[in-house]
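> The following block contains a protein sequence and its predicted model.
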Amino acid sequence: MKHTGRHTGAFLLLFLAKGPTYGGDLLQRCEQELPFNPIDSAILYRTLKKLEEEGFVTSILTTSPQNKMVKMYQITLSGRAQLDRFHEDIEQKLQNLLYFQTHYAKQVKSDG
């Protein structure tokens with residue numbers, strides 16, 4: 001079972017908390033740093049648009065060092081608050097997953 005793009009907004013806000021960047025850089029970071037959470041460009045840009053509509057991210061058009069127009073994204077203050085909420089939610093999910101892992105090891109593995 002493959003889950004594509006789970007928690008994409010949380011990861012993007014986390015990456016943007018380090019500083020402003022453009023979509024291509026965010027996609028590359030997702031590919032390199034999140035091997036078990038594949039995010040394609042459509043999901044990435046859809047999520048960035050939603051984060052911007054919700055006021056968690058702002059963007060500006062600027063010129064890259066290669067003289068190309070790029071859209072730079074930056075986290076907002078409300079985006080930082082949302083990142084805190086994502087952290088709390090993920091912490092709770094981790095507790096549930098830890099419960100599963102612990103009981104799986106005790107019940108299923110010991111039976112098999």
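Perfect, thanks for sending it.
> In terms of secondary structure, what does the helix or strand containing Phe15 contact?
Using DSSP states H and E, Phe15 sits within helix 8-16. When contacts are defined as 3 or more C-beta pairs under 8 Å, 6 or more residues apart in numbering; DSSP states H and E, helix 8-16 sits against helix 23-33, helix 41-53, strand 57-63, strand 69-75, helix 77-103. Heads up, the C-betas are built off the backbone N, CA and C, glycines and all.
> how about these, which one is nearest Leu16?
strand 69-75 (4.1 Å; C-beta to C-beta).
> Which of the helices and strands packed on helix 8-16 sits closest to Ala10?
Closest among those, using C-beta to C-beta: helix 77-103, at 3.8 Å.
> what inclination does that closest one have with respect to strand 57-63?
Angle, helix 77-103 to strand 57-63, by axes from the mean of the first three to the mean of the last three C-alpha atoms, to 10 degrees: 120 degrees.
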